[in-house]
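Undergrad: When you get a sec, could you give me coordinates for this:
(one chain, ligands or ions: 2)
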Amino acid sequence: MDPSHHKLSFTVADYAIFAVLLGASLAIGLYHALSGGRQRTTQEFLLADRNMGCLPVSLSLIASFQSAVAIIGIPAEIYTHGTQYWFIGCGYILGLLVPAHVFIPVLYRLKLSSAYEYLELRFSKTVRICGTLTFIFQTVVYMGLCIYLPAFALNAVTGFKLWGTVLVTGLVCTLYTTLGGLKAVIWTDVAVIAVGVYQTGGPSEVWRKVWEGGRISGLDLNPDPTERHTFWTLALGGVFLMWSLYGVNQSQVQRYLSSRTEREAIRSCYMVFPSLQLALALSCVMGLIMFARYCGEDHSDRLASNKMVIYFVMDMLQGLPGLPGLFVACLFSAALSTISSAFNSLATVTMEDLIKPQFPSMSERRATLLSKALAAFYGLLCLAMAYVTHLMGDSVLQVALKIFGMVGGPILGLFCLGMFFPWANSIGALAGLAGGLSLSFWVGIGSIVTRTSGPRTLVSDCRSGLSLTNATISSVTTVALRPSGLQRFYSLSYMWYSGFTCFCVVVIGLTVSFITGAFRKQDVAPGTVFPLLGKLLFFLPEHIKQKLCCVTPMVS
Ligand SMILES: O=C(O)CCCC[C@@H]1SC[C@@H]2NC(=O)N[C@@H]21
Ligand code: NA
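TA: Ligands and ions are numbered 1, 2, ... in the order given. Take a look at the predicted model:
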């Protein structure tokens with residue numbers, strides 16, 4: 001097949017659709033931004049005056065962490081490693097139940113303006129500032145990734161200069177908010193799946209190829225935490241990842257706090273579940289179709305992990321002018337909704353957690369001006385991070401998950417330490433956070449430097465025998481080279497970073513708290529502790545529970 005046949009390029013219809021969609025959402029955003037002037041108080045502007053219903057809250061919860069990373073990264077993951085990643089869906093059950101019934105009740109009843117205000121109530125202002133700075137670092141890096149990816153995609157299909165597109169994307173992002181994420185996944189995946197199955201010769205042909213290609217992964221119950229993707233690293237490790245994102249991440253907490261009532265907030269958390277499962281399923285099926293379509297053919301140049309999905313979509317939709325433009329526009333709106341919600345939370349925490357406590361007498365007008373200046377500053381910082389993440393090389397999904405694990409895990413640990421362990425004090429919290437962050441950076445950077453976590457990719461041809469034996473051969477060699485000691489530490493699966501660092505923060509935090517004189521029960525601010533023991537021992541009569549757990553009851 002001559003390469004020109006596969007030239008990826010937009011038709012006039014594609015450019016038109018892309019421009020119209022992007023222009024429309026830009027207009028919507030500008031309208032909101034300009035009319036937003038009426039919303040005087042930060043309470044009104046940032047928390048929608050605490051009057052949101054569960055439907056808009058749940059939609060914006062999904063839009064926050066469903067960006068181009070999932071749309072481009074998940075199919076590439078399935079193409080390269082098989083459907084093991086799909087098991088992360090099992091983590092969504094506990095991953096959303098605990099935020100709904102543990103984190104939301106505690107945080108909602110305290111009527112906070114930011115998630116990190118909790119840390120000052122429970123511990124001290126210093127802990128709050130450290131938590132906020134950690135969150136800012138995580139969000140800026142993640143946003144760099146989200147800005148870079150759609151620009152990279154557009155560059156691949158239009159030849160636009162990459163960094164010019166990144167700049168434009170960054171500028172457009174700071175202007176508006178749209179619901180991306182879910183819409184993007186559903187729209188493009190369904191269209192592409194339909195064409196892909198048709199072109200591969202029907203569902204049975206697709207199934208035969210993916211089955212023989214070894215892409216249907218069985219239930220891998222290997223307990224080894226250095227195995228990159230197993231049922232345990234994804235379903236259990238994924239639970240901690242979900243807690244760090246949907247339980248204590250500022251973007252999501254801000255949405256819970258904007259809900260009309262606590263029940264609405266809990267209901268919105270439940271409503272996220274089916275959408276996340278649908279998005280995950282569509283992306284995984286798309287990865288399988290892509291494998292069935294291309295396995296055996298030589299596309300090595302184009303199947304670099306970040307390009308293959310764009311290439312596949314353009315290839316499948318080439319016969320339908322306008323749809324490729326729609327796909328890239330959806331990619332952008334998926335990314336922009338994530339980026340703008342991250343921007344929004346950055347502005348909130350900077351104002352509420354860093355600036356207002358230092359300058360309590362600042363006028364609302366000055367504060368609004370300052371938050372606009374901050375948005376520009378963060379915009380530039382994210383563009384710089386876009387370049388850094390470009391250098392990280394790994395598949396984008398893996399980079400995003402590593403960032404959430406390395407930085408989100410310690411923050412999750414800080415909140416767990418505060419909510420579940422009344423004895424923890426501020427020194428313990430600070431020591432825990434510092435210890436957790438240094439451990440996660442040690443293992444994270446160690447794994448990049450020693451490249452042990454480089455995953456074994458199944459060979460990409462369709463013949464079952466060969467690929468399976470190759471996989472078997474490589475697993476034999478890996479066993480032979482079983483890493484030991486520090487090498488084993490570096491090869492910890494990145495899906496365990498959240499759980500591992502959260503556990504370390506709690507252990508270090510409690511140890512230091514006991515050494516420096518643990519809090520007595522009555523020292524703890526009311527409503528900042530979740531009566532974990534009380535809830536787990538629900539079957540005991542009240543007076544025994546009181547004596548045993550003697551935990552201050554939550555604010556009713
Ligand atoms: O930014 C993205 O598009 C995805 C990055 C990973 C976010 C996590 S993974 C588990 C959960 N499921 C999602 O779709 N998003 C979050
Ligand atoms: Na999004």
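
Undergrad: For the host helix or strand of residue 534, name the packing helices and strands.
TA: In this assignment (DSSP states H and E), residue 534 forms part of helix 532-536. Counting contacts by 3 or more Cβ pairs under 8 Å, 6 or more residues apart in numbering; DSSP states H and E, helix 532-536 is packed against helix 542-549. For the C-beta atoms, the positions are set from N, CA and C on the backbone; glycine is no exception.

Undergrad: quick one: is the one helix or strand residue 399 maps to near ligand 1?
TA: Residue 399 is part of helix 396-403 when elements are defined by DSSP H and E. Yes - using Cβ under 6 Å from any ligand atom, helix 396-403 reaches ligand 1 at 400-401.

Undergrad: C-terminal to that helix, what's the next element?
TA: Criterion used, DSSP H and E; the element after helix 396-403 is helix 409-420.

Undergrad: That following helix close to ligand 1?
TA: No - applying Cβ under 6 Å from any ligand atom, one finds helix 409-420 separated from ligand 1 by no less than 13.3 Å.

Undergrad: Just the element for the nearest residue to residue 167 once chain neighbours are set aside, please.
TA: Nearest residue to residue 167, sequence neighbours excluded (Cβ to Cβ, 6 or more residues apart in numbering): residue 383, at 6.6 Å. If you go by DSSP H and E, residue 383 is part of helix 364-391.

Undergrad: Determine the angle, from 0 to 180 degrees, between that helix and helix 396-403.
TA: 120 degrees (axes from the mean of the first three to the mean of the last three Cα atoms, to 10 degrees).

Undergrad: Tell me which residues of helix 364-391 come out buried.
TA: For helix 364-391, burial by neighbour count (16 or more other Cβ atoms under 10 Å) applies to 368, 370-371, 374-375, 378-379, 381-383, 385-386, 389-390.

Undergrad: where exactly do the helices run in the stretch 451-556 of the chain?
TA: 464-480, 486-490, 497-515, 532-536, 542-549 (DSSP state H, counting those that start in this stretch).

Undergrad: which residues touch stretch 80-95?
TA: 74, 77-78, 214-217, 219-220, 228-231, 234-239, 241-243, 246, 273, 276-277, 280-281, 284, 287-288, 305, 395, 455, 457-458, 460, 495 (Cβ atoms under 8 Å, 6 or more residues apart in numbering).

Undergrad: just the buried members of these?
TA: Buried by 16+ other Cβ under 10 Å: 74, 77-78, 214-215, 217, 220, 228-231, 234-239, 241-243, 246, 273, 276, 280, 284, 287-288, 305, 395, 458, 460, 495, out of the contacts of stretch 80-95.

Undergrad: Tell me which of the residues you listed fall in helices.
TA: 74, 77-78, 231, 237-239, 241-243, 246, 273, 276, 280, 284, 287-288 (DSSP state H).

Undergrad: filter the residues you listed down to the ones near ligand 1?
TA: Within those, those near ligand 1 by Cβ under 6 Å from any ligand atom are 241, 276.

Undergrad: quick check, residue 19 in a helix?
TA: Yes - assessed with DSSP: H, G, I helix; E, B strand; the rest coil, residue 19 lies in a helix.

Undergrad: Give the burial count for it, as a bare number.
TA: With neighbours defined by other Cβ atoms under 10 Å, the count for residue 19 comes to 12.

Undergrad: Against residue 71, how distant is it?
TA: 20 Å (Cβ to Cβ, to the nearest Å).

Undergrad: got it, and residue 367?
TA: 36 Å.

Undergrad: How about residue 387?
TA: Counting by Cβ to Cβ - residue 387 and residue 71 are separated by 22 Å.

Undergrad: Enumerate every residue touching residue 220.
TA: Neighbours of residue 220 in contact, by Cβ under 8 Å, 6+ apart: 84, 227, 229-231.

Undergrad: likewise residue 205?
TA: So residue 205 contacts residue 292 (Cβ under 8 Å, 6+ apart).

Undergrad: near ligand 1, which residues of the stretch 401-550 of the chain show up?
TA: So far as Cβ under 6 Å from any ligand atom goes, the stretch 401-550 of the chain lies against ligand 1 at residue 401.

Undergrad: Surely residue 296 is in a strand?
TA: No - Residue 296 is assigned coil when assessed by three-state DSSP, not a strand.

Undergrad: Could you report the neighbour count for it?
TA: 13.

Undergrad: Backbone torsions only: list them for it.
TA: The phi and psi torsions at residue 296 (degrees, to the nearest 10) take the values phi 90, psi -30.

Undergrad: how close does it get to ligand 2?
TA: 34 Å (Cβ to the ion, to the nearest Å).

Undergrad: same question, residue 404
TA: 15 Å.

Undergrad: Repeat that for residue 315.
TA: From residue 315 to ligand 2 the distance is 25 Å (Cβ to the ion).

Undergrad: secondary structure element for that residue?
TA: With DSSP H and E as the criterion, residue 315 is inside helix 308-317.

Undergrad: what about that helix, average pLDDT?
TA: Helix 308-317 shows a mean pLDDT of 83 in the predicted model.

Undergrad: what does stretch 111-127 give?
TA: Mean predicted lDDT for stretch 111-127 stands at 93.

Undergrad: In terms of pLDDT, where does the closest residue to residue 111 other than its chain neighbours sit?
TA: Closest residue in space to residue 111, ignoring its immediate chain neighbours: residue 257 at 7.9 Å, by Cβ to Cβ, 6+ apart. Confidence at residue 257, expressed as pLDDT, is 89.

Undergrad: Okay, now the unreliable bits of the stretch 51-200 of the chain?
TA: 169-189 (pLDDT under 70).

Undergrad: How about the residues of it by ligand 1?
TA: With Cβ under 6 Å from any ligand atom as the criterion, the stretch 51-200 of the chain meets ligand 1 at residues 65-67, 69-70, 88.

Undergrad: Selection in PyMOL covering whichever of the residues you listed are buried, please.
TA: Buried members of these, defined by 16+ other Cβ under 10 Å, are picked up in PyMOL with:
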select buried, resi 65+66+67+69+70+88
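
Undergrad: In TSV, list the residues of the stretch 51-200 of the chain next to ligand 1 along with distance to residue 262 and secondary structure.
TA: TSV is the format used below for these (distance: Cβ to Cβ, whole Å; DSSP: H, G, I helix; E, B strand; the rest coil):
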residue	distance to residue 262	secondary structure
65	22	coil
66	25	coil
67	28	coil
69	31	helix
70	29	helix
88	28	helix
